[in-house]
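> build me a model from this:
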Amino acid sequence: MAIIRNVNNSGERYTRLQLYLTDGVKRANEEHHEILKLCRERDTAGACNLLRQHIQYAGQSLKEALQERRAAAQSVKENGSPRAKY
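Down below sits the predicted model:
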């Protein structure tokens, strides 16, 4: 149970980070409702497909957000202040 709890806690951290960095709460809620609807309809294949897409999108969007932040930080490091110079 401790291992499962640790995995769950780690996953929660990344989930919250993804939602924060990508403003993905609305999309996530819509997809969660659709997954639940498919489950209620006993559409196992549909629910599994949407769940897979949901997880893959979340991972990809988090990866992209972190890459953008890294690039911005690197640019500031190389060029100084992020403010425009006049």
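
> could the C-alpha coordinates of stretch 40-57 be exported in CSV?
Coordinates of the C-alpha atoms in stretch 40-57 are reproduced here as CSV (Å, rounded to 0.1, in the frame of the first residue of the first chain):
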residue,chain,number,x,y,z
ARG,A,40,-22.0,4.4,-17.6
GLU,A,41,-22.9,3.4,-21.2
ARG,A,42,-20.6,0.3,-20.8
ASP,A,43,-18.6,1.5,-23.8
THR,A,44,-15.3,0.0,-22.5
ALA,A,45,-13.4,0.5,-25.7
GLY,A,46,-14.5,4.1,-26.0
ALA,A,47,-13.7,4.9,-22.4
CYS,A,48,-10.3,3.2,-22.7
ASN,A,49,-9.5,5.1,-25.9
LEU,A,50,-10.5,8.4,-24.5
LEU,A,51,-8.6,7.7,-21.2
ARG,A,52,-5.5,6.8,-23.2
GLN,A,53,-5.8,10.1,-25.3
HIS,A,54,-6.4,12.1,-22.1
ILE,A,55,-3.3,10.8,-20.4
GLN,A,56,-1.1,11.2,-23.5
TYR,A,57,-2.3,14.8,-24.1
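
> and the helix or strand hosting residue 36, what does it pack onto?
Under the criterion DSSP states H and E, the helix or strand holding residue 36 is helix 25-40. Helix 25-40 makes packing contacts with helix 44-79 when contacts are defined by 3 or more Cβ pairs under 8 Å, 6 or more residues apart in numbering; DSSP states H and E. Heads up, the C-betas are built off the backbone N, CA and C, glycines and all.

> could you tell me the angle between the helix it packs on and helix 25-40?
Between helix 44-79 and helix 25-40, the angle comes out at 160 degrees (axes from the mean of the first three to the mean of the last three Cα atoms, to 10 degrees).

> what's helix 44-79 packed up against?
With contacts defined as 3+ Cβ pairs under 8 Å, 6+ apart, helix 44-79 has these neighbours: helix 2-22, helix 25-40.
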